[in-house]
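**Q** Sequence below, structure please.
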Amino acid sequence: MAKVAIEMVKKSGVDLDKLLKLLVKNASAELTTYYYYTILRANLIGLEGEGIKEIAETARIEDRNHFEALMPRIYELGGSLPNCMKEFHDMSACPPANLPKNPQSAKEILKVLVAAERCAVQGYTEICDMTAGKDHRTYDLTLAILNEEIEHESWFSEFLGEGPSGHFLRRGETSPFVGKFLK
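**A** Have a look, this model is predicted:
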């Protein structure tokens with residue numbers, strides 16, 4: 001743990017216990033979403049599903065990267081991840097992104113994907129609001145994740161016909177915002 005970092009976060013007025021709880025819950029959401037997106041992506045088949053598969057894969061990999069980037073910050077601030085995976089899964093900030101009743105429907109899978117991304121956007125916005133101007137490292141990290149989650153939501157919502165987002169699929173690069181935290 002980083003003792004001075006902990007001291008500075010507390011001194012800035014951030015409720016460290018609440019922050020750690022949110023970071024762990026969001027780390028859980030990222031890892032469980034990575035798992036559920038693996039299943040959702042495998043079910044994106046046929047002409048309609050194949051067009052979405054690459055975008056779902058990018059979001060899946062980036063969610064894993066989000067987990068990998070959050071974990072060190074949790075430990076730096078004196079927190080930890082649960083020893084039990086089931087306990088970790090069940091504390092997720094977002095509900096499971098389970099297959100829809102009709103797993104052959106790409107549109108139904110898209111609804112699950114966009115709901116998961118919208119939950120993530122809400123979670124990271126809360127952490128950014130809590131840490132803005134107070135805990136610069138956590139803010140920078142969660143803002144980077146938030147930027148990627150907003151792009152994921154935009155990609156999936158476009159496929160649902162909710163309107164253009166102006167965002168484009170990244171070719172050959174994943175986690176352009178979060179990448180600096182993975183080095």
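**Q** All the helices of the chain, in order from the start?
**A** With helices called from DSSP state H, the chain shows them at 3-11, 16-42, 46-76, 85-90, 106-131, 136-159.
**Q** Contacts only, for the closest residue in space to Leu146 that isn't next to it in sequence.
**A** Excluding its sequence neighbours, the residue lying closest to Leu146 (Cβ to Cβ, 6 or more residues apart in numbering) is Tyr124, at 3.9 Å. Quick note: C-beta positions are derived from backbone N, CA and C, even for glycine. By Cβ atoms under 8 Å, 6 or more residues apart in numbering, Tyr124 lies in contact with 26, 142-143, 145-146, 149.
**Q** Out of those residues, which comes closest to Thr38?
**A** Glu149 (17.9 Å; Cβ to Cβ).
**Q** Let me see the contact set for that closest one.
**A** By Cβ under 8 Å, 6+ apart, the neighbours of Glu149 are 66, 117, 120-121, 124.
**Q** From Ala120, how far out is it?
**A** 4 Å (Cβ to Cβ, to the nearest Å).
**Q** Could you do Glu62 as well?
**A** 11 Å.
**Q** Which neighbours do the two have in common?
**A** Joint contacts of Glu62 and Ala120 (Cβ under 8 Å, 6+ apart) are His152.
**Q** Can you get me the start-to-end distance on stretch 79-96?
**A** End-to-end distance for stretch 79-96, by Cα to Cα, to the nearest Å: 24 Å.
**Q** what comes up buried for stretch 60-79?
**A** 60, 62-71, 73-74, 76-77, 79 (16 or more other Cβ atoms under 10 Å).
**Q** same deal with stretch 155-174?
**A** Here stretch 155-174 shows 155-159, 174 as buried, counting by 16+ other Cβ under 10 Å.
**Q** And stretch 111-122, by the same measure?
**A** Buried, per 16+ other Cβ under 10 Å, within stretch 111-122: 112-114, 116-121.
**Q** so where's this protein shaky on pLDDT?
**A** Residues of the chain meeting the criterion pLDDT under 70: 1, 170.
**Q** The same query, at a cut-off of 90, please.
**A** 1-3, 5, 47-48, 50-51, 163-174, 183 (pLDDT under 90).
**Q** coming back round to it: CSV for the contacts of Glu149, including distance to Ile52?
**A** Shown next, in CSV, are the contacts of Glu149 (distance: Cβ to Cβ, whole Å):
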residue, distance to Ile52
His66, 20
Glu117, 13
Ala120, 18
Val121, 19
Tyr124, 23
